[in-house]
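Asker: Whatever this is, show me its structure:
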Amino acid sequence: MKKDHVFHRDFNKDYPLIEKAEGIYLIDNTGKKYIDASSGAVAVNIGHGRKEIIDAIVEQAEKVSFVHTMRFETQIQSDLSELIAKLAPETLDTVYFTSGGAEANESALKLARQCHVGRGNQKKTKILSHWNSYHGNTMWTLSAGGDNKRRKLYKSDLHDGIIHEFPPYSRLIEDDKERDDKSFGKDRLRRIEETIIHEGPDTISCFILEPIVGSQIAALVPPDNYLRGIRELCSKYDILMIADEVMTGFGRTGEIFAVNHWDVVPDIITFAKGVSSAYLPLGGMIVNDAIAETIKNEWNGKFAHGFTFSGHPLSLAAGKANIDYVLNHDLVNKSKTQGIYLMDRMAGLKHKYNFIGELRGKGLLIGFEIVKDKKQNVAFESDFQAAEVFNKISIKNGAVLYPGQGEINGEKFDHILLGPPLTITTEEIDELIKIIEKTCDEYFDYLEKTENEDGLLS
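Answerer: Have a look, this model is predicted:
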């Protein structure tokens, strides 16, 4: 047998070999087609195989394929920065490029620290974040994130000074008086302010959060007063607000950036995934004028940070062509309208199947929970791996979803994220729903069989 030299993500899994990708479809070496209902890792916003992006990469490669940005810059760096700045909320005018989302968030956390030191706030070292969040797998972003499964192995190595608060998630609602979103959001904000006061506002550098939580609580949309309240708290206590839009940016939720749903202007927006639709690795951050001026005036213009591949010309060319494609094909608005249609179709399945719990999301970022009993919102046992099993059946049926398992106060919960390319048509959504419905039927049979054989559902 020929030796396998690949260091697999999971050595115990057999992975289909994808040989071609077109639009919303992946095609493996046997000719089987899969609907990419998760856009990879909610990244391929414009779908696969767009010649415009490929041509732009080739054109840039024929000019210059790489320069080191400590010594040189390129026109594409200027062009893409200008385009992103025009799309960003007011006062966010300066763009720094990385190779992905973890690098973008790592850069933002370091920039926040350097900014405060430059302003004379030496004690501002702590980072506020949420449990059940994901900001990357570098040690600092892993520390800031709130995924206990990822953190467990490295617990002794994680950075000190991270303050985690619970997100505004329905499983935290303690009694009926908090049932309305406004009251619940107000309660979460009150608890966060209490934490800020307890820790000392003069010790807190930044609050990093996902405007809509992605992989950790499958498209959790906060109460309407929540992000505005976070913005007010950050301004009140001189804490920089970092919006992690790695998954939500560039049209995914029906707005160019998710913060636009609430007219909130953070101090820094981080991005990746949808900026280039993953045609080449690209990420970055957009910073406000005040931060840029602090670096210019207090640090002799130098950010104490950098990567070899920051501002890689080929990645930037992919990003520019990708954003042009999004704008020229009105994909932000299409994400909004097609998201409403997909949500409506999923609501029909929720009504039909008892194991489909809370359904939520905006645009083409939609999540649902898989539960034992949706009336009581009871989750499956952790070892049952409900979402993984559901996705395994779905892949067999021809659609790739994004499964996950979260934990709140020791209670595990399973969820599925849907994030198809923004180019998906109504007919393709109908095709996807047929596959999900078939998967639901087979999953129901699986649950009955498992209950009878093992008693795992009792």
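Asker: what are the ranges of the helices in the stretch 251-400 of the chain?
Answerer: For the stretch 251-400 of the chain, applying DSSP state H, counting those that start in this stretch gives helices covering 289-298, 313-328, 331-352, 386-397.
Asker: Of all those helices, which one is nearest residue 97?
Answerer: helix 313-328 (6.8 Å; CB to CB). Any C-beta I mention is one placed from the backbone N, CA and C, and that applies to glycine too.
Asker: if we can go back for a sec, tell me which of the helices of the stretch 251-400 of the chain lies nearest to residue 94.
Answerer: helix 289-298 (4.4 Å).
Asker: Quick one: list the elements packing against the closest one.
Answerer: strand 92-98, helix 101-118 (3 or more CB pairs under 8 Å, 6 or more residues apart in numbering; DSSP states H and E).
Asker: Using JSON lines, please lay out these together with mean neighbour count, mean pLDDT and distance to residue 417.
Answerer: Shown next, in JSON lines, are these (neighbours: other CB atoms under 10 Å; pLDDT from 0 to 100; distance: least, CB to CB, whole Å):
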{"stretch": "strand 92-98", "mean neighbour count": "23", "mean pLDDT": "98", "distance to residue 417": "24"}
{"stretch": "helix 101-118", "mean neighbour count": "24", "mean pLDDT": "98", "distance to residue 417": "16"}
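Asker: Output those as a markdown table; include the columns distance to residue 284.
Answerer: Formatted as a markdown table, the helices and strands packed on helix 289-298 follow (distance: least, CB to CB, whole Å):
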| stretch | distance to residue 284 |
| --- | --- |
| strand 92-98 | 4 |
| helix 101-118 | 5 |
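Asker: closest one to residue 48 among the ones you listed?
Answerer: helix 101-118 (20.0 Å).
Asker: one step back: save the helices of the stretch 251-400 of the chain as CSV, and put in mean pLDDT, distance to residue 234 and mean neighbour count too.
Answerer: CSV is the format used below for the helices of the stretch 251-400 of the chain (pLDDT from 0 to 100; distance: least, CB to CB, whole Å; neighbours: other CB atoms under 10 Å):
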stretch, mean pLDDT, distance to residue 234, mean neighbour count
helix 289-298, 98, 13, 16
helix 313-328, 98, 28, 23
helix 331-352, 98, 27, 18
helix 386-397, 97, 33, 20
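Asker: Among the ones you listed, which comes closest to residue 4?
Answerer: Checking the helices of the stretch 251-400 of the chain against residue 4 by CB to CB gives helix 386-397 as the closest, at 21.3 Å.
Asker: Just the C-alpha atoms of that closest one, please, in CSV.
Answerer: What follows is helix 386-397, C-alpha atoms only, in CSV (Å, rounded to 0.1, in the frame of the first residue of the first chain):
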residue,chain,number,x,y,z
ALA,A,386,-26.1,14.8,17.4
ALA,A,387,-25.0,17.5,15.0
GLU,A,388,-22.1,15.4,13.7
VAL,A,389,-24.3,12.5,13.0
PHE,A,390,-26.9,14.8,11.2
ASN,A,391,-24.1,16.3,9.0
LYS,A,392,-22.8,12.8,8.2
ILE,A,393,-26.2,11.7,6.9
SER,A,394,-26.5,15.0,5.0
ILE,A,395,-23.2,14.6,3.3
LYS,A,396,-24.3,11.1,2.2
ASN,A,397,-27.4,12.7,0.8
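Asker: Which strands or helices does that helix pack on?
Answerer: strand 365-373, strand 402-408, strand 411-418, helix 426-454.
Asker: Against which helices or strands is the second one packed?
Answerer: Using 3+ CB pairs under 8 Å, 6+ apart as the contact criterion, the neighbours of strand 402-408 among helices and strands are helix 148-152, helix 386-397, strand 411-418.
Asker: same thing but at 10 Å, please
Answerer: The helices and strands touching strand 402-408, judged by 3 or more CB pairs under 10 Å, 6 or more residues apart in numbering; DSSP states H and E, are helix 39-42, helix 148-152, strand 365-373, strand 378-379, helix 386-397, strand 411-418.
Asker: Quick one: closest of those to residue 260.
Answerer: Closest among these, using CB to CB: strand 365-373, at 13.9 Å.
Asker: Tell me the secondary structure at the most centrally placed residue in the chain.
Answerer: Taking CA atoms, centre = their mean, the centroid of the chain lies closest to residue 247, which sits 3.0 Å from it. Secondary structure for residue 247, judged by DSSP: H, G, I helix; E, B strand; the rest coil, is coil.
Asker: Excluding sequence neighbours, find me the nearest residue to it.
Answerer: In this structure, residue 247 finds its nearest non-sequential neighbour in residue 214, 3.9 Å apart by CB to CB, 6 or more residues apart in numbering.
Asker: And for residue 363?
Answerer: Among residues not flanking residue 363 along the chain, residue 254 sits closest, at 3.3 Å (CB to CB, 6+ apart).
Asker: show me the contacts for that neighbour.
Answerer: If you count contacts by CB atoms under 10 Å, 6 or more residues apart in numbering, residue 254 has them with 260-261, 332-340, 361-365, 422.
Asker: ok, now how distant is it from residue 338?
Answerer: 9 Å (CB to CB, to the nearest Å).
Asker: how close does residue 10 sit to residue 388?
Answerer: Taken as CB to CB, the span from residue 10 to residue 388 is 11 Å.
Asker: how far out from the middle of the chain is stretch 132-148?
Answerer: Computed by CA atoms, centre = their mean, to the nearest Å, the separation of stretch 132-148 from the middle of its chain amounts to 12 Å.
Asker: can you check stretch 185-192 too?
Answerer: Per CA atoms, centre = their mean, the centroid offset for stretch 185-192 relative to its chain is 23 Å.
Asker: domains of the protein?
Answerer: Domain assignment for the chain by automatic domain parsing gives 18-49+330-454, 51-328.
Asker: Let's have the ones you listed in TSV, adding distance to residue 5.
Answerer: Shown next, in TSV, are these (distance: least, CB to CB, whole Å):
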stretch	distance to residue 5
domain 18-49+330-454	18
domain 51-328	22
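Asker: Where does pLDDT dip in the stretch 151-300 of the chain?
Answerer: 174-179 (pLDDT under 70).
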